[in-house]
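Chemist: could you work out the structure for the sequence below:
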Amino acid sequence: MFRNYYYLNRAVTELNSILHGLKVAEIFTQEKNRLYFSVGNSEFPERHLIISTDQNLPYFQIKNEHYKAKKNAVNFFSEFLPDRIEKVEIAETDRIIKFTLTSSEIYFTIRGKDTNVLIINSGGSYKSFKKIVTDEENLLKEFKIAEYTNNAVIPDFNQLINNEFESVSLKNSFPQITKDFLNEAKIRTKSGSTEELLNNLSKIILEIFSEPISVFYNETENKMFFVPSSFYSAKEQINSETGDSYLNAINKYLSLKYKNENSAKIRNDIEKHLEKELYKLSGKLNNLKKRIEEGSKEDVYKKYGTLLLANIHLLIEKREDITVIDYLTNEEVKIKLNSKIQPKQNVDWYFEKSRDEKINYKKSIELYESSKIIYDKLLTIKSEFEKASGLDELNSIKDKLKIKTEKQPGKKMEEQIKFKHYLVDGQYHVYVGRDSKSNDLLSTKFAKQNDYWFHARGLPGSHVVLRVDNTKEVIPKTVIKDVASLAAYHSKAKTAGTAPVAYTFAKFVYKKKGMEPGQVIVQKEKVILVKPEIPKSCEMLEE
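Modeler: Have a look, this model is predicted:
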């Protein structure tokens, strides 16, 4: 896959030829886990290098035309920039990509939850994009002692060519050789000998560096593939896209991945909608058909009304039924009565039932016919859906069914209400209420349970919320103190030398019915004494 060491090794050789000598004007983020490096030149002034630190989808790509968002873009590493890229390398035994700049070094590490981007200047000062989870000192030491290269790293399998070869020993000696490489080598190995298998593995590594890369989605396995076009799995594919370079292929991969994920969601929405509507309509049709087959009771109810009218003198209050003689057939007829109404009102009651039955029976026939048309139409669309493959076809079916797209949490509450928005230490988002109404919304609607809530103690002021995206993360005490200073600054204690600030988890803040706007009840609070100010670590994103 694209994040395997050897693919990254190829990517580094391509990046080195593109980025060498380019100036990094700025580095910013405008969406979670992605950094954008502005590396434009005269040919591509809006060119950006994009690095994703998402542990489930780490990658880097080049976009020759990308424009920085006007809102929600936050700059990183500004004190280290601008600077010029001298070379791009990869550690010889690890997925650490090193960008050597004139005055600093940038490291992109791909290590699961520790995937991150760090910058270190010549004086040893450093900053990271995300919080460093592992031991910082050892991590920085590891960066320094690693051997880096921008040439192809080709493994030497000679040490394994013996009778004792096993895939376990291969994995231990060359952890970068993954199961899909080994499977491809086994398919190519006809003799079954270890020597031929390892020779094929060597060829596969060389193909990763030289062959065009095929990108495709396998519906049977329900997953994406990113392999050299010489691989058997690629040759079997009809609908694959090919990139002549890693950087070209990764762009195709991300686009295709998005399309297929989008297709899968739309397919699932359509399937659920059809199943629900067909089930609902089939029940409705069965009930209507039964109703129609039973026939109309219009004449029966009319007859009962007439017989009751003829025998009105026999009707007694609270009686539940009556037996009368049908003067046409001379037979006894038992008629149920509505004991909740006056006896004589039962005559009108049956005549009304007769009129209603005539209307309802006619409506049942009309409803059955219209429902049958809709049901047959849905069956036709279902057949069309089962044959559909492309995103355009699925969107067309979705439009026919008038399936509404679920509202994304697109317009965020902070955008609607316009809280003041700060960024602390380049990664912690802080929201400040503007008035009593805004305070209420911030504290009782916007804040999540495990967010931190702050307020200057005993004085009027803004409610302040520190967003906690990762509930397992321990928020540094320095951040708590800086946010408390913000809360004090946005209160009547703004001009004081020091001020007490109460803070707790947002789940311990609530309102009771009838409380004034901005008033809340706070439990389990702690108090910290701080200087009212906007700390240097705080950057205002929205006034």
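
Chemist: continuing past the strand or helix carrying residue 143, what's the next helix or strand?
Modeler: Element membership for residue 143 (DSSP states H and E) is helix 136-145. Next along the chain after helix 136-145, taking DSSP H and E as the criterion, comes strand 148-149.

Chemist: who does that following strand pair with, and is each partner parallel or antiparallel?
Modeler: Sheet pairing of strand 148-149 (DSSP bridges) gives strand 83-91 (antiparallel).

Chemist: picking that back up, now do the helix holding residue 143 and strand 83-91, the angle between them.
Modeler: 90 degrees (axes from the mean of the first three to the mean of the last three C-alpha atoms, to 10 degrees).

Chemist: quick one: low-confidence parts of the stretch 301-450 of the chain?
Modeler: 405-417 (pLDDT under 70).

Chemist: quick one: the strands in it, in order.
Modeler: 321-326, 331-336, 420-424, 428-432 (DSSP state E, counting those that start in this stretch).

Chemist: turn those strands into TSV, columns for distance to residue 248 and mean neighbour count.
Modeler: C-betas here are computed from N, CA, C, even on glycine. Formatted as TSV, these follow (distance: least, C-beta to C-beta, whole Å; neighbours: other C-beta atoms under 10 Å):
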stretch	distance to residue 248	mean neighbour count
strand 321-326	86	13
strand 331-336	81	11
strand 420-424	35	20
strand 428-432	35	23
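
Chemist: show me the one of those that comes nearest residue 177.
Modeler: Nearest to residue 177, of all the strands of the stretch 301-450 of the chain, is strand 428-432, at 40.6 Å by C-beta to C-beta.

Chemist: and the closest one, what does it pack onto?
Modeler: Judged by 3 or more C-beta pairs under 8 Å, 6 or more residues apart in numbering; DSSP states H and E, the packing partners of strand 428-432 are strand 420-424, strand 464-466, helix 477-489.

Chemist: cutoff 10 Å now
Modeler: Packing partners of strand 428-432 (3 or more C-beta pairs under 10 Å, 6 or more residues apart in numbering; DSSP states H and E): helix 413-417, strand 420-424, helix 436-441, strand 452-456, strand 464-466, helix 477-489, strand 538-542.

Chemist: between it and strand 420-424, how many degrees?
Modeler: Using the same axes, to 10 degrees, strand 428-432 lies at 150 degrees relative to strand 420-424.

Chemist: distance of the most far-flung residue of the chain relative to its centre from residue 314?
Modeler: Note on the chain: the largest C-alpha distance from the chain mean falls to residue 330, namely 76.5 Å (C-alpha atoms, centre = their mean). Note on residue 330: its distance to residue 314, by C-beta to C-beta, to the nearest Å, is 17 Å.

Chemist: ditto for residue 60
Modeler: Distance from residue 60 to residue 314, by C-beta to C-beta: 94 Å.

Chemist: and these two? Which one has more around it.
Modeler: residue 60 (23 against 12; other C-beta atoms under 10 Å).

Chemist: what sits against the nearest residue to residue 317 once chain neighbours are set aside?
Modeler: Once flanking residues are discounted, residue 317 sits nearest to residue 343: 5.5 Å by C-beta to C-beta, 6 or more residues apart in numbering. Shown in contact with residue 343 (C-beta atoms under 10 Å, 6 or more residues apart in numbering): 308, 312, 314, 315, 316, 317, 318, 319, 322, 337.

Chemist: from what I can see residue 334 touches residue 323, true?
Modeler: Yes. At 4.8 Å, residue 334 and residue 323 qualify as touching, with contact defined as C-beta atoms under 10 Å.

Chemist: the nearest residue to residue 494 once chain neighbours are set aside: neighbouring residues, count only.
Modeler: In space, and not counting its chain neighbours, residue 494 is closest to residue 532: 5.1 Å by C-beta to C-beta, 6+ apart. By the criterion of other C-beta under 10 Å, residue 532 has 23 neighbours.

Chemist: OK, contacts around residue 125?
Modeler: 79, 80, 104, 119.

Chemist: quick check: the gap between the third one and residue 24.
Modeler: It refers to residue 104. Residue 104 is 9 Å from residue 24, where distance means C-beta to C-beta.

Chemist: so for these two, which residue has more residues nearby?
Modeler: It is residue 24, of residue 104 and residue 24, that has more neighbours when counted by other C-beta under 10 Å, with 23 against 20.

Chemist: report pLDDT for the more buried one.
Modeler: Looking at residue 24, its pLDDT reads 95.

Chemist: then residue 139?
Modeler: 87.

Chemist: now residue 513
Modeler: pLDDT, residue 513: 85.

Chemist: what's the local residue count around it?
Modeler: Neighbours of residue 513 (other C-beta under 10 Å): 4.

Chemist: ok, residue 434 next?
Modeler: 17.

Chemist: who are the contact partners of it?
Modeler: Contacts of residue 434 (C-beta under 10 Å, 6+ apart): 417, 418, 419, 420, 441, 442, 462, 463, 490, 543.

Chemist: at 7 Å what do you get?
Modeler: 419, 420 (C-beta atoms under 7 Å, 6 or more residues apart in numbering).

Chemist: begin at 4 from now on, thanks
Modeler: Sure thing, new numbering starts at 4, so read that last one as residue 437.

Chemist: phi, psi for it please.
Modeler: phi -100, psi -30 (degrees, to the nearest 10).

Chemist: do residue 341 as well
Modeler: According to degrees, to the nearest 10, residue 341 has phi -90, psi 100.

Chemist: residue 501 too?
Modeler: phi -140, psi 160.

Chemist: got it, and the one 4 residues further on?
Modeler: According to degrees, to the nearest 10, the main-chain angles of residue 505 amount to phi -90, psi 140.

Chemist: just residue 107 next, same as before
Modeler: Dihedral angles for residue 107 - degrees, to the nearest 10 - are phi -160, psi 180.

Chemist: for residue 227, same thing?
Modeler: According to degrees, to the nearest 10, residue 227 has phi -90, psi 150.

Chemist: tell me, how many residues neighbour it?
Modeler: 17.

Chemist: local confidence estimate at it?
Modeler: Reading off the model, residue 227 has pLDDT 87.

Chemist: and it, what is it in contact with?
Modeler: 220, 256, 259, 260, 263.

Chemist: looking at those, state which has the most neighbours.
Modeler: residue 256 (25 neighbours).

Chemist: and it, what helix or strand is that in?
Modeler: Per DSSP H and E: helix 249-296 holds residue 256.

Chemist: quick one on the thing from earlier: and of the helices and strands packed on strand 431-435, who's closest to residue 377?
Modeler: helix 416-420 (38.2 Å).

Chemist: how is this protein divided into domains?
Modeler: With domains defined by automatic domain parsing, the chain comprises 8-152, 161-261, 293-403, 417-545.

Chemist: quick one: closest of these to residue 270.
Modeler: Among the domains of the chain, domain 293-403 comes nearest to residue 270, with 6.1 Å by C-beta to C-beta.

Chemist: off-centre distance for that closest one?
Modeler: 49 Å (C-alpha atoms, centre = their mean, to the nearest Å).

Chemist: likewise for stretch 114-133?
Modeler: That offset, for stretch 114-133, works out to 26 Å (C-alpha atoms, centre = their mean).

Chemist: likewise stretch 249-266?
Modeler: For stretch 249-266, the distance to the chain centre is 16 Å (C-alpha atoms, centre = their mean).

Chemist: same check on stretch 91-99?
Modeler: 31 Å.

Chemist: could you measure from the nearest residue to residue 76 once chain neighbours are set aside over to residue 73?
Modeler: Excluding its sequence neighbours, the residue lying closest to residue 76 (C-beta to C-beta, 6+ apart) is residue 33, at 4.3 Å. To residue 73, residue 33 is 10 Å away according to C-beta to C-beta.

Chemist: neighbour count winner among these two?
Modeler: More crowded of residue 33 and residue 73, by other C-beta under 10 Å: residue 33, with 14 against 7.

Chemist: right, and the more buried one touches residue 70 too?
Modeler: No. Residue 33 is beyond contact range of residue 70, at 10.2 Å (criterion: C-beta atoms under 7 Å).

Chemist: got a list of what the closest residue to residue 351 other than its chain neighbours touches?
Modeler: Nearest non-adjacent residue to residue 351, counting by C-beta to C-beta, 6+ apart: residue 308, 7.7 Å away. Counting by C-beta under 7 Å, 6+ apart, residue 308 touches 350, 353, 354, 357.
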